[in-house]
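> quick one: sequence and predicted model below, then my questions.
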Amino acid sequence: MSEETRRQERTPVLQMVVFGVVATAAGIALGLAIDWFPTQGSTQAKPIDDLYDLMIYVSVPVFVLVTVVVLFSVWKFHMRPGEENLDGPPIHGNTRLEVIWTALPAILLVALCSWAYVVMTDIEEAQANEMRIDVIGQQFAWSYEYPQAGGKPVRSNILYIAQGQPVRFNVKALDVLHDFWVPAFRMKIDAVPGISTRYRVTPNRLGTYPVVCAELCGLGHSVMRSTVKVVPKAEFDKWIAEQKAGGAPPAAEGGEAAGGGDAEAQIDAKTLFAEGTSEATACGACHTLADAGTSSQTGPELDKSLKGKDEAYIRAGIEDPDAEVAAGFQAGIMPKNYGDTLSPEELDALVEYLGKVAGK
Ligand code: CUA
C-alpha cells in the first residue's frame, strides 16, 4: 500500500472521529441540561437521579458512535455513478475489532447493572423506625390506611406523611391491576389483586405532590389520581390524633365552624362536590355540573342525567353507582365507596344540593 492510499484511507476516519467527539459532547451537554425530573421529594430520589445521569454519560457516546459510523459510511462510501458493476474490496472480518465491540459493551453493561443493584439495595433497606401505611387501589381511586395499635386503622383519601419519617407502603388492589406511583418520590410498584406489594421511602421535603396510577386499569385510569402531603411531624401527629378521635371532617380543613348548630347546615355541598374531602375524591373530578363550575366528561353530565330525578334516585346513584348506569357509560368506573367515605351528613347535603341544582 502506497503512502498516498494510506493517507486517503485515514482522512475519512479522522473526520469521523472528530465529528463523533463533537456530537458526543453536545449530546451529553443536552442530556444533562434538560430538566427531566420533578422535585426530589424523598431520600431515594437523588441516588436514582444520579443513576440516570450516569446512564446519560455512558449511553450517549455509544449512541453517537453507532449513528456517526452509519451516517458517515452512507455519505462517504455510497456507490457513485459508474460503479454499478464494481465489486467492493474482499473483506474477511477483523478479529481485533470484533473482540473490542463485544468486550466493551459487556463490561459497560456489567458495570451499569452492578451500580444499579447497589443503588437499589441501598434505597430499599429497611429503616428501624419506619411507619407502615396500607395503600388500597380500586377503580378509580386510591385510599390509605394507617394501622393503629389496638384500634381501627385511620383511613384517608389524601396521603399524609411526616417529613423525615421513613414509610413502608403495603400496596393492595381490590379489583384489577393498578400501579402506585409518586413521581416526586421516584418510586412506583404495581398493586396486584390477591397479594401485597411494597416499597419504602423517606420523604424529606415538605410539600404537596401528585399520586398517579401508572397501570392502565380501565376507562377511569387517567383520573385515578390522589395527593400526598408531606407535613412537619407535629402537624402529622395532630392530624392522626384528630382522625383517631373521630375527627373534624377533613372538608372543613382550615375553617372548622365553631361548635354547635346543625352539622348539615355547615356543609358547603358545592365545595364538597367540586373539591371532595380527604376521604372522598371530588365528584367534580369526573362530572360536569354547571352550578359547581366543573366540566370533566369522564362521567355523565349531571345537569342532563339528573334532570327531573328525585333525591332517592340521586342517593342511590351515589351509594350504588352500578345499579343503573347512564347510557354511553360503563359500569365500574365510579368508585363504589362513597357511601363509606362520605359522612351521613355530607351525603345528605350532597343529595339535597344535587336535587336542587340538577334534579329540577
Ligand atoms: Cu388504576 Cu390505572
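Okay, I see it.

> the strands in the stretch 51-200 of the chain, which residues?
When secondary structure is read from DSSP state E, counting those that start in this stretch, the stretch 51-200 of the chain shows strands at 131-138, 141-146, 154-156, 158-162, 167-173, 178-182, 187-191, 197-201.

> what does the stretch 51-200 of the chain have sitting close to the ligand?
Residues of the stretch 51-200 of the chain lying near the ligand by C-beta under 6 Å from any ligand atom: 137, 140, 178. Placement of C-beta: from N, CA and C, glycine included.

> neighbour-wise, which one of those residues leads?
H178 (30 neighbours; other C-beta atoms under 10 Å).

> let me see the contact set for that residue.
H178 is in contact with 137-138, 190-191, 213, 215, 217, 224, counting by C-beta atoms under 8 Å, 6 or more residues apart in numbering.

> may I have the beta-bridge partners of the closest residue to it other than its chain neighbours?
In space, and not counting its chain neighbours, H178 is closest to G137: 3.5 Å by C-beta to C-beta, 6 or more residues apart in numbering. Bridge pairing for G137 (DSSP bridges) gives the partners W142, A173.

> does G137 really touch K188, like I thought?
No: counting by C-beta atoms under 8 Å, G137 does not reach K188; the two are 11.9 Å apart.

> which neighbours do the two have in common?
179-180.

> re earlier: I'd like the strands of the stretch 51-200 of the chain as CSV, with distance to I123 and mean pLDDT appended.
Formatted as CSV, the strands of the stretch 51-200 of the chain follow (distance: least, C-beta to C-beta, whole Å; pLDDT from 0 to 100):
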stretch, distance to I123, mean pLDDT
strand 131-138, 17, 94
strand 141-146, 21, 94
strand 154-156, 25, 91
strand 158-162, 17, 95
strand 167-173, 13, 95
strand 178-182, 14, 96
strand 187-191, 8, 95
strand 197-201, 8, 94
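
> which among the ones you listed is found nearest to P89?
strand 187-191 (52.9 Å; C-beta to C-beta).

> how far off strand 131-138 does that closest one point, in degrees?
50 degrees (axes from the mean of the first three to the mean of the last three C-alpha atoms, to 10 degrees).

> strand 187-191 pairs with which strands, parallel or anti?
Short version: by DSSP bridges, strand 187-191 pairs with strand 178-182 (antiparallel).

> the partner strand vs strand 167-173, what angle?
160 degrees.

> what about T277, how many neighbours?
T277 - counted by other C-beta under 10 Å - has 22 other residues nearby.

> touching, it and N157? I think so.
Yes: in this structure, T277 is within contact of N157 by C-beta under 8 Å, at 7.1 Å.

> overlap in contacts, those two.
T341.

> go through the residues of the stretch 51-200 of the chain next to the ligand and name the one nearest the ligand.
Nearest to the ligand, judged by C-beta to the nearest ligand atom, of these is H178 at 3.5 Å.

> now the closest one: how far from Q163?
26 Å (C-beta to C-beta, to the nearest Å).

> show me where this structure dips below the pLDDT cut-off.
Judged by pLDDT under 70, the chain has its weakly predicted residues at 1-10, 247-266, 278-279.

> please, which helix or strand holds the closest residue to A141 other than its chain neighbours?
Using C-beta to C-beta, 6+ apart and skipping residues adjacent in sequence, the residue nearest A141 is P335, 4.5 Å away. Element membership for P335, per DSSP states H and E: none, as it lies in no helix or strand.

> contacts only, for P335.
Contacts of P335 by C-beta under 8 Å, 6+ apart are 138-141, 281, 321, 341.

> redo that, cut-off 7 Å
Contact partners of P335, counting by C-beta atoms under 7 Å, 6 or more residues apart in numbering, are 138, 140-141, 281.

> again, but for R168
Per C-beta under 7 Å, 6+ apart, neighbours of R168: 130, 132, 198, 200.

> where exactly do the helices run in the chain?
Taking DSSP state H as the test, the helices found in the chain are 3-33, 45-77, 95-123, 233-244, 263-266, 269-275, 302-305, 311-319, 338-341, 344-354.

> I'd like those as CSV, with mean neighbour count appended.
Formatted as CSV, the helices of the chain follow (neighbours: other C-beta atoms under 10 Å):
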stretch, mean neighbour count
helix 3-33, 12
helix 45-77, 14
helix 95-123, 12
helix 233-244, 15
helix 263-266, 14
helix 269-275, 19
helix 302-305, 17
helix 311-319, 16
helix 338-341, 17
helix 344-354, 19
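
> E145: which of those helices is closest?
helix 233-244 (10.8 Å).

> residues in contact with that closest one?
Under C-beta under 7 Å, 6+ apart, the answer for helix 233-244 is 146, 148, 151, 154, 160-165, 248.

> if R198 is in a bridge, with which residues?
N170.

> look up how far Q138 lies from it.
18 Å.

> between the two, who's got more neighbours?
Neighbour count, other C-beta under 10 Å: between R198 and Q138, Q138 has more, with 21 against 13.

> now for the more buried one: which residues touch it?
173-175, 335.

> so which of those comes closest to N85?
Closest to N85, out of all of the contacts of Q138 and judged by C-beta to C-beta, is A173, at 66.2 Å.
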